[in-house]
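# This is a predicted model, with the sequence first.
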Amino acid sequence: MALEFPTQVYNGRIKEVTLGQGPRAVTVGGESCYPFYLFEGKMPHPPRIAMEVYDTPPESWPEAALAPFRDVATDPVAWARKCVSEYHADMVCLQLESTDPNGLNRGADEAAELALRVAQAIDVPLIVWGTANVEKDSEVLRKVSEVCQGQRLAIGPVAESNYKKIGAAAIGYGHTVIASSPIDINMAKQLNILLGNLGVPDDRLIIDPTVSSIGYGIEYTYSVMERIRIAALTQQDDKLQSPIIANIATETWATKEARADQDDLGDAARRGIMMEAMSAQLLLLAGADILVMRHPEAVRLSRETIARMT
C-alpha cells in the first residue's frame, strides 16, 4: 500500500510583477504554495538576486565587503556593469546614500541623472532605493521616476507618509512601487490598500516588510513575512498577494559581527559572508522573491540554495 502524505490546499496566488524591459526583464511572484513547497503547488519564477551599487564610495564598509568592488567603488556605472558581467546579478539595486540630508545631501537632479546612466548601462532591471528620509525621498524618487521614464524601474522605499507623491509619479512614468512598512502585517496591508486606491496596479507593487539580519531580530521578520504569505495564500487576502523584497545587505554588514576585525570569532571575511548568506536563506524560506545582497560569495551561496530547492 502506497504511503500518501497530506498536502495543503491553497486558494490564493501571489501576483506576478515584471521589472525591466527587453530579453533580460525579470518576472517575480506567481507562487501558488508556500516557499519551495513544490510538492503542493508551483513557483513559476524562482527568487532573484539584486546586487547593491552605491552612488558614493562606501567609507564605512568592512574590508571583506569592499574588496570585490574596490576598483569600481568611485564609479557607480562601472560598479553596476561589474555586478552584471562578472557576478551575474539578476538585477542591480542603486542605493542613493548621497542624497541623505544628514550626509552629503546631494540633489534630486543629480541623483536622477545618475540613475538614468546606470539604467542605460546595464541590460538587467534596476531598483532605485532612497534613504528612508520621507521628505527627501519624495523629492528624489519623483525626479528619478520622471527622468527614467520607460526604464520600468522599481523605486522605494515608499511609506505611508509619502506614498501619494511617489506613487503618483510611479504611475505616471511607468515604474513599480516598493511599499515599505515597519515589520507589521497590518501596516503592510494598509499601505497596499492606500496605493491601490491611488491607482497603483497590482502588477506594479512589491512589498518591503523591512528585514533584519540573523542574530538581530530576524525571527520577528520571519514571522511577519510568514504571516503575509499565509494570509495571501490561504485566507484569500488579495491586498497581501504581492511579491516580497528583502533588502538584507545593509542590515547584515552593519552588524558588529560582520564588521569586527580578526579575533576569536574566526576569519573576519568568512564571518560577514556567512552572516549575509544565512540571513538571505532564512528570508528565502520566509517568502522573499527578491534579495538585495552585497558580497559576491554570499550571492553565489544563495543562488546555489535557490537552484537546489527549485
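Noted; the coordinates are in hand.

# where along the stretch 201-310 of the chain do the strands fall?
Here the stretch 201-310 of the chain has its strands, by DSSP state E, counting those that start in this stretch, at 205-208, 245-247, 290-293.

# And these: which comes nearest P125?
Of all these, strand 290-293 sits nearest to P125, with 9.6 Å by C-beta to C-beta. C-beta here means a position set from N, CA and C on the backbone, and glycine is covered the same way.

# What are the contacting residues of the closest one?
With contact meaning C-beta atoms under 8 Å, 6 or more residues apart in numbering, strand 290-293 is reached by 28, 47-52, 91, 93, 127, 129, 206, 243-249, 276, 280, 283-284, 299, 302.

# can you pull the alpha-carbon coordinates of that strand into PDB?
Backbone C-alpha positions of strand 290-293 (Å, rounded to 0.1, in the frame of the first residue of the first chain) are rendered in PDB as follows:
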ATOM      1  CA  ILE A 290      13.900  39.400  -4.400                       C
ATOM      2  CA  LEU A 291      17.000  39.600  -2.300                       C
ATOM      3  CA  VAL A 292      19.200  42.700  -2.200                       C
ATOM      4  CA  MET A 293      22.700  41.400  -1.500                       C
END
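
# Quick one: mean pLDDT over that strand.
Strand 290-293 shows a mean pLDDT of 98.

# Please name the strands paired to it in the sheet, noting orientation.
strand 48-54 (parallel), strand 245-247 (parallel) (DSSP bridges).

# Quick one: these as TSV, columns for distance to L104 and mean neighbour count too.
TSV is the format used below for those (distance: least, C-beta to C-beta, whole Å; neighbours: other C-beta atoms under 10 Å):
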stretch	distance to L104	mean neighbour count
strand 48-54	12	25
strand 245-247	21	28
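
# right, so of those, which gets closest to T99?
That would be, of these and by C-beta to C-beta, strand 48-54, which comes in at 11.4 Å.

# Centre of the chain to the closest one, how far?
Computed by C-alpha atoms, centre = their mean, to the nearest Å, the chain-centroid distance of strand 48-54 equals 8 Å.

# And stretch 298-306, what's buried?
Neighbour-count burial for stretch 298-306 flags A298, V299, L301, S302, R303, T305, I306 (criterion: 16 or more other C-beta atoms under 10 Å).

# wait, the fourth one sits on I49?
So that's S302. Yes: using C-beta atoms under 8 Å, S302 makes contact with I49 at a distance of 6.3 Å.

# Reformat the strands of the stretch 201-310 of the chain as CSV; add distance to E135.
Listed next are those as CSV, based on distance: least, C-beta to C-beta, whole Å:
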stretch, distance to E135
strand 205-208, 19
strand 245-247, 21
strand 290-293, 23
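
# how about the CA coordinates for the top helix by length along the chain, as PDB?
When the chain is parsed with DSSP state H, its longest helix is helix 268-286. Taking C-alpha atoms only, helix 268-286 is exported to PDB below (Å, rounded to 0.1, in the frame of the first residue of the first chain):
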ATOM      1  CA  ALA A 268      36.500  38.100   9.500                       C
ATOM      2  CA  ALA A 269      35.800  37.900   5.800                       C
ATOM      3  CA  ARG A 270      34.100  34.500   6.000                       C
ATOM      4  CA  ARG A 271      32.100  35.600   9.100                       C
ATOM      5  CA  GLY A 272      30.500  38.500   7.200                       C
ATOM      6  CA  ILE A 273      29.900  36.400   4.100                       C
ATOM      7  CA  MET A 274      28.200  33.600   6.100                       C
ATOM      8  CA  MET A 275      26.100  36.100   8.000                       C
ATOM      9  CA  GLU A 276      24.800  37.600   4.800                       C
ATOM     10  CA  ALA A 277      24.200  34.200   3.100                       C
ATOM     11  CA  MET A 278      22.500  32.700   6.200                       C
ATOM     12  CA  SER A 279      20.300  35.700   6.600                       C
ATOM     13  CA  ALA A 280      19.300  35.600   2.900                       C
ATOM     14  CA  GLN A 281      18.500  31.900   3.100                       C
ATOM     15  CA  LEU A 282      16.200  32.400   6.100                       C
ATOM     16  CA  LEU A 283      14.400  35.100   4.200                       C
ATOM     17  CA  LEU A 284      14.000  32.900   1.200                       C
ATOM     18  CA  LEU A 285      12.300  30.300   3.400                       C
ATOM     19  CA  ALA A 286      10.100  33.100   4.800                       C
END
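
# Taking their axis directions, it and strand 48-54 sit at what angle?
140 degrees (axes from the mean of the first three to the mean of the last three C-alpha atoms, to 10 degrees).

# What helices and strands are in contact with helix 268-286?
Counting contacts by 3 or more C-beta pairs under 8 Å, 6 or more residues apart in numbering; DSSP states H and E, helix 268-286 packs against helix 63-66, helix 218-234, helix 249-252, helix 256-259, strand 290-293, helix 296-309.

# quick one: buried residues of it?
For helix 268-286, by 16+ other C-beta under 10 Å, it's 268-269, 271-286.
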